[in-house]
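1. just to be clear, the model below is a prediction. Sequence and coordinates:
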Amino acid sequence: LELPIAKTRQSLAPCIAPPPRPPQVARPPSSVQLRPPKRDRKVERTHDGRRRLTSIDDAGARRYESDGVVYDEVAAEDFTFDPAHRTATATASFNVAVRRGDVDVRVVAETKVTQDHHHFNLITTVQAFDHDHLFLDRHWAEDLL
């Protein structure tokens, strides 16, 4: 009985793949900034005792030179707490606009959550506009326990 002899690492060298090269990152597309990004946060107490946090994350607007597309994006959040009535409201909205030549499309998505003594209420809206003409308008509402 004759058993096979294991090959040495050197004899296996042609079969072993070389280590992978690090990934190459593509350069970002060339663009012109039309409106700079801006972030704003504000915490306030209203005259009736409510506390409110407002946050705006404006990603700015850019025109991409390769195809002339203008991309504009703004997100906003608003949280309000009313300790006197033990209620709270949270609203988050996202607004994206894309323009090029005759094309001008904007989508707005908003979710609002309200809370009272008995339950949470969730309302979501998605709207789409073509040249400020509303062509899609969807609303969902649900009470959550």
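-> That came in fine, so what should we check first?

2. tell me the SS of the closest residue to Ala75 other than its chain neighbours?
-> Excluding its sequence neighbours, the residue lying closest to Ala75 (Cβ to Cβ, 6 or more residues apart in numbering) is Asp57, at 4.5 Å. (Each C-beta comes from the backbone N, C-alpha and C, glycine too.) Secondary structure state of Asp57, per DSSP: H, G, I helix; E, B strand; the rest coil, is strand.

3. Asp57 reaches Ser93, doesn't it?
-> No. Here Asp57 lies out of contact with Ser93, judged by Cβ atoms under 8 Å, at a distance of 10.8 Å.

4. common neighbours of the two, please.
-> Ala75, Ala76 (Cβ atoms under 8 Å, 6 or more residues apart in numbering).

5. shaky segments in this protein?
-> Confidence mapping of the chain against pLDDT under 70 gives the ranges 1, 3-16.

6. circling back to that earlier point, the residue nearest to Ala75: neighbouring residues, count only.
-> When neighbours are defined as other Cβ atoms under 10 Å, Asp57 has 15 of them.
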